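In: Based on what follows, work out the 3D shape:
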Amino acid sequence: MTMGRAAISPLAHVDPGARIGANVEIGPFTVIGGDVEIGDNTRIGPHCSVLGPTTMGRDNHIHGYAVIGGDPQDKKFAGERTELVIGDGNTIREFVTINRGTGSGGVTRVGSHNWLLAYTHIAHDCQVGDHCVFSNNATLAGHVEVGDHVILSGFTGVHQFCRIGSHAFIGMGAFVNGDVPPYLMVAQEDYGRPRGINSEGLKRRGFDSERVSAIKRAYRALYMSGANLVEAKAQLAALADTSDDVRAFLDFIESGERPLLR
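Out: Residues are numbered from 1 along each chain as shown. From the prediction side, this is the model:
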């Protein structure tokens with residue numbers, strides 16, 4: 001166990017194989033397993049479990065009762081070496097669970113500067129970007145990909161292998177069972193359905209009116225024109241010639257393996 005000026009409660013248990021950075025705080029009754037690396041200035045509250053193999057960057061704050069790096073909830077998992085990699089500056093609130101990958105060499109990744117509120121669950125092999133907000137009880141099944149600046153409202157559920165593009169907003173209680181392109185806003189109606197673009201979120205992130213208007217035109221082509229998917233993609237391709245955002249929108253659609261949420 002390597003430590004630099006760490007403040008570890010005498011009631012915590014830290015495995016000798018753990019690598020603990022400088023100025024790390026670990027609360028009472030927290031367990032840090034072997035093959036865990038925790039970056040500088042990270043704070044871990046009481047009654048947490050951080051299990052390995054897990055690599056965590058610096059300046060993260062994990063509140064009480066979170067379980068980070070637990071075994072995947074997958075019947076096929078047979079104890080193979082799998083990993084969890086977490087970036088910097090994340091806030092992880094009470095009772096959050098983040099599982100390692102599954103299979104041989106599976107990796108779950110969570111980026112940097114995310115807010116994961118209480119009872120959030122990130123399953124095995126998920127890939128989460130940066131600057132996301134997952135509200136209470138938001139749940140990702142296995143192999144879900146989430147881009148940057150995504151907001152999942154409370155009680156959102158995302159089906160395995162789905163992708164959610166950057167800057168999307170998923171409304172409270174929506175169940176997502178298909179790919180959500182970037183910039184969209186999805187609301188509940190049995191399963192979540194697109195309800196426009198995330199205009200307010202885009203404006204807050206510095207998208208000017210010209211960029212937002214181009215994204216609106218792309219949304220109308222895909223969701224409101226009455227065109228089938230092949231026809232809609234042709235319209236998007238024409239719009240993409242003058243808009244990098246529409247190009248990102250179209251590239252997301254073209255790279256999907258699951259049905260598109262329409």
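
In: what about stretch 182-195, start to end distance?
Out: The first and final residues of stretch 182-195 sit 13 Å from each other (CA to CA, to the nearest Å).

In: what do you get for stretch 73-92?
Out: 20 Å.

In: which residues sit against that stretch?
Out: 39, 53-63, 66, 68-69, 71-72, 98-116, 123-124, 130, 142 (CB atoms under 8 Å, 6 or more residues apart in numbering). (Glycine included, C-beta is placed from N, CA and C.)

In: quick one, what contacts residue 254?
Out: Per CB under 8 Å, 6+ apart, neighbours of residue 254: residue 233.

In: For it, what are phi and psi?
Out: In this entry, residue 254 is assigned phi and psi values of phi -70, psi -30 (degrees, to the nearest 10).

In: Mind checking which of the contacts of stretch 73-92 are buried?
Out: 39, 53-60, 62-63, 66, 68-69, 72, 98-102, 106-114, 116, 123-124, 130, 142 (16 or more other CB atoms under 10 Å).

In: Need phi/psi at the residue nearest in space to the middle of the chain.
Out: Among the residues of the chain, the one closest to the centroid is residue 128, at 3.1 Å (CA atoms, centre = their mean). Per-residue torsions, residue 128: phi -110, psi 130 (degrees, to the nearest 10).

In: looking at the protein, which helix or strand is least sure?
Out: Least confident helix or strand of the chain, by mean pLDDT, DSSP states H and E, is strand 2-4 with a mean of 53.

In: end-to-end on stretch 28-35?
Out: Across stretch 28-35, first to last residue, CA to CA, it's 20 Å.

In: just how off-centre is that stretch within its chain?
Out: 24 Å (CA atoms, centre = their mean, to the nearest Å).

In: Next: stretch 86-98.
Out: That offset, for stretch 86-98, works out to 10 Å (CA atoms, centre = their mean).

In: Check the separation of the first and last residues in it.
Out: 10 Å.

In: Could you do stretch 129-140 as well?
Out: With CA to CA, one end of stretch 129-140 sits 13 Å from the other.

In: Over to stretch 9-20?
Out: 14 Å.

In: ok, residue 247 touching residue 240?
Out: Yes. Residue 247 lies in contact with residue 240 (CB atoms under 8 Å); the separation is 4.1 Å.

In: Could you report the pLDDT at the residue nearest to the centre of the chain?
Out: You'll see residue 128 listed with a pLDDT of 98.

In: now do residue 245
Out: Reported pLDDT for residue 245: 95.

In: Would you agree it falls within a strand?
Out: No. Assessed with DSSP: H, G, I helix; E, B strand; the rest coil, residue 245 is helix; it does not lie in a strand.
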